[in-house]
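**Student:** Have a look; sequence and predicted model below, questions after that.
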Amino acid sequence: MAKKRTTKKKTTVRKAAKKASTTKKKPVSKSSAKKRATNKGTRTTSSSRNGGGLDADLKRIDKEILKLINKRAQLTERLYSKRPEKKASIYDPHADDSMLNELGEANPGPLPDQIVRSIFRDILSFAKSGVKLTRVAYLGPKYSFTHFAALERFGKGADLIPVSTIASVFEEVNRGHADFGLVPIENSTDGRIVDTLDMFTRLPLRICGEVLVSIHHNLMSRCPRSEITEIYSKPQALSQCRDWLARNMPDARLIEVTSTSAAAQLAREKPGAAAVASRQAAVEYDLQIVAEKIEDNKHNVTRFAVIGDHLQKPTGSDRTALLLQIPHEPGSLSDALNIFKTNKLNLTWIESFPLRGEEQGYLFFLDFEGHENDPKVRKTLDQLEKGAVRLEILGTYPRSETLN
C-alpha cells in the first residue's frame with residue numbers, strides 16, 4: 001500500500017512539472033522590450049508635462065504680451081510726437097475715455113473691465129510722457145480720493161504733485177508750475193466744495209475736464225473694533241458717514257484732520273485709533289478694514305474738476321460752467337433761468353454765494369449741457385450777458401462717466 005501511494009505521488013509531481021513547462025513565458029524580443037519601455041516612458045512624460053507644459057505656455061505668452069505692450073507704447077509715442085499741438089493732443093480726455101470704453105466693451109473676461117482699463121491707461125500715460133511730461137498738482141496727500149482721481153485721469157506716467165490746500169492747486173497752475181490741477185468740486189451727499197468755487201472767483205483758470213468717482217468709505221484700524229476709542233478723517237468723510245458712525249460707533253470720539261491719508265497714518269501709529277478712508281489707504285498704511293462701505297449714501301459720488309487753460313473741442317456730450325452775477329432786484333434770477341428754458345438747455349447744477357464786502361447780491365455758479373461754441377449755447381450766453389453784472393465762462397469740457 002505504501003509503494004502504491006509513493007508511485008501516485010511521483011506521477012502527480014511529474015504532471016505538475018510538465019504543466020509548468022508548457023505554461024512557461026516565452027522570451028521577450030529586444031524590439032518588444034524597447035517598445036514597452038518607450039510606451040511606459042511616454043505615459044510618465046505625459047503626466048509630468050501637465051505642469052511643465054503650462055509653465056512653458058505661460059512663459060511664451062508673457063514674452064508675447066511684453067513685446068506687444070512695448071510695441072503699443074512705441075506706436076502711441078510716435079503718433080503723438082507727429083502732432084503739431086502736442087499739449088492739446090496729449091490732454092484729450094474724450095479720446096482717452098472712448099478708447100478705454102471700447103476696450104471694456106471688447107473685453108471677453110475673465111479680467112474685470114476696471115483692471116483692463118488700468119493697464120491700458122498706464123500704457124497710454126507712459127507713452128505720452130515720452131513726448132511731453134505732464135505735471136499735475138492735486139489736493140494731497142497720496143492715497144487720498146483726489147490722488148485716485150488724478151491717477152484715473154492722467155495715469156502713473158504723469159508727474160503728480162501733491163499740495164496741501166485747494167488754493168495751492170490753483171496757484172501752482174496759475175504760476176505755470178503745473179500744466180493742470182485736480183480738485184474736488186461737488187459731492188452728491190455734501191454738495192458744493194466751497195474752497196474750489198471760491199478760487200474760481202479769484203484766479204482766471206478754466207475747467208477743462210471732470211472725473212466722477214464713486215466714493216466708498218471704510219473704517220480701518222490696527223486693533224479690533226471693540227477697542228476703537230477715536231476715529232479720524234477729514235470733515236467731508238465723517239459727514240458722509242455720520243449716520244453709520246452714530247449707530248455703530250456711538251462711544252468713539254470723532255476727530256477731524258486734513259485728509260483721509262493723514263487719518264490712516266494716525267490709525268497706524270496710535271493705539272485705539274481708527275480712520276475713515278479708502279481701501280487703497282488701508283493697503284498702503286497696513287491697516288485692517290474693520291467695516292467696509294460705511295457711507296450713508298450708497299451712491300456717493302464726488303466730482304473732481306481738472307483746471308488749466310486748455311479749451312476742449314466739441315464732442316457731442318459736453319458741459320459748460322458759468323460764473324454769473326445778476327442785478328440784486330426782484331425777478332432777475334427768474335429772468336436769467338428762463339433764458340435756459342427758452343433755448344432748451346438743461347441746467348445740471350446751480351450754486352449761489354453772497355458777494356464779499358458791502359455790495360449786496362449773489363454770485364451764481366451754473367453748469368449746463370452743451371459746448372460754448374454750440375449755436376444755441378452762444379445765443380444763451382449773449383442773452384444772459386445783456387442782463388448780467390458779471391459773466392465768466394469757467395470752462396467747457398466733455399462729460400465723464402462715474403468710475404468705481
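**Tutor:** Alright, I've got the coordinates. Numbering: from 1, shown residues only.
**Student:** domains for the chain, by residue range?
**Tutor:** By the assignment in automatic domain parsing, the chain contains the domains 61-132, 136-148+164-214+300-309, 218-291, 311-399.
**Student:** For Gly157, which of the ones you listed is the nearest?
**Tutor:** Closest to Gly157 of the domains of the chain, according to C-beta to C-beta: domain 61-132, at 3.3 Å. Bear in mind the C-beta positions are built from the backbone N, C-alpha and C, glycine included.
**Student:** Helices of this protein, residue ranges please.
**Tutor:** Taking DSSP state H as the test, the helices found in the chain are 2-22, 30-81, 86-90, 93-106, 113-129, 145-154, 166-174, 194-200, 235-240, 242-248, 260-269, 279-284, 332-342, 375-387.
**Student:** for the third one, packing partners?
**Tutor:** With contacts defined as 3 or more C-beta pairs under 8 Å, 6 or more residues apart in numbering; DSSP states H and E, the packing partners of helix 86-90 are helix 30-81.
**Student:** Could you pull up the mean pLDDT of the helix it packs on?
**Tutor:** Average pLDDT, helix 30-81: 74.
**Student:** How much space separates Val257 from Asp374?
**Tutor:** 44 Å (C-beta to C-beta, to the nearest Å).
**Student:** no wait, Lys63
**Tutor:** 50 Å.
**Student:** Flag every buried residue along stretch 262-276.
**Tutor:** Ala262, Ala263, Ala264, Gln265, Leu266, Ala267, Arg268, Lys270, Ala273, Ala274, Ala275, Val276 (16 or more other C-beta atoms under 10 Å).
**Student:** How far away from the center of its chain is it?
**Tutor:** Computed by C-alpha atoms, centre = their mean, to the nearest Å, the separation of stretch 262-276 from the middle of its chain amounts to 24 Å.
**Student:** rewinding a little: quick check: which of the helices of the chain is nearest to Leu182?
**Tutor:** helix 145-154 (4.8 Å).
**Student:** Which strands or helices does the closest one pack on?
**Tutor:** strand 135-139, strand 159-163, strand 180-187, strand 206-214, strand 301-308.
**Student:** The second one - which strands sit beside it in the sheet, and in what orientation?
**Tutor:** Strand 159-163 sits in its sheet next to strand 135-139 (parallel), going by DSSP bridges.
**Student:** residues making contact with the strand it pairs with?
**Tutor:** 146-147, 149-150, 154, 158-166, 168-169, 172-173, 177-184, 259 (C-beta atoms under 8 Å, 6 or more residues apart in numbering).
**Student:** any idea of the angle that strand forms with strand 180-187?
**Tutor:** Interaxial angle, strand 135-139 versus strand 180-187 (axes from the mean of the first three to the mean of the last three C-alpha atoms, to 10 degrees): 30 degrees.
**Student:** which regions of the protein lie under the pLDDT threshold?
**Tutor:** 1-52 (pLDDT under 70).
**Student:** change it to 80
**Tutor:** Flagging of the chain using pLDDT under 80 yields the residue ranges 1-52, 84-89, 357, 404.
**Student:** Tell me the buried residues in stretch 375-382?
**Tutor:** Here stretch 375-382 shows Val377, Thr380, Leu381 as buried, counting by 16+ other C-beta under 10 Å.
**Student:** Pick out whichever of Lys63 and Asp374 has more residues nearby.
**Tutor:** A count of neighbours by other C-beta atoms under 10 Å puts Asp374 above the other of Lys63 and Asp374, at 17 against 10.
**Student:** nearest residue to that one other than its sequence neighbours?
**Tutor:** Pro314 (6.9 Å; C-beta to C-beta, 6 or more residues apart in numbering).
**Student:** list the contacts for the nearest residue to His328 once chain neighbours are set aside?
**Tutor:** Leaving aside its sequence neighbours, His328 sits nearest to Gly361 (C-beta to C-beta, 6+ apart; 3.6 Å). Taking C-beta under 8 Å, 6+ apart as the contact definition, Gly361 lies against Gln325, Ile326, Pro327, His328, Pro354, Leu355, Val389.
**Student:** May I see the domains of the chain arranged in a markdown table, with distance to Asp55 as well?
**Tutor:** Listed next are the domains of the chain as a markdown table, based on distance: least, C-beta to C-beta, whole Å:
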| stretch | distance to Asp55 |
| --- | --- |
| domain 61-132 | 11 |
| domain 136-148+164-214+300-309 | 36 |
| domain 218-291 | 30 |
| domain 311-399 | 45 |
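**Student:** Select, out of the ones you listed, the one closest to Gly53.
**Tutor:** domain 61-132 (12.6 Å).
**Student:** now do the same end-to-end measure for that closest one.
**Tutor:** 32 Å (C-alpha to C-alpha, to the nearest Å).
**Student:** Gly140 - how many residues pack around it?
**Tutor:** Gly140, neighbours per other C-beta under 10 Å, totals 22.
**Student:** And for Gly357?
**Tutor:** Neighbour tally, Gly357, other C-beta under 10 Å: 6.
**Student:** Pairing partners for Leu182 in the sheet, please.
**Tutor:** Those that pair with Leu182 in a beta bridge, by DSSP bridges, are Tyr138, Val306.
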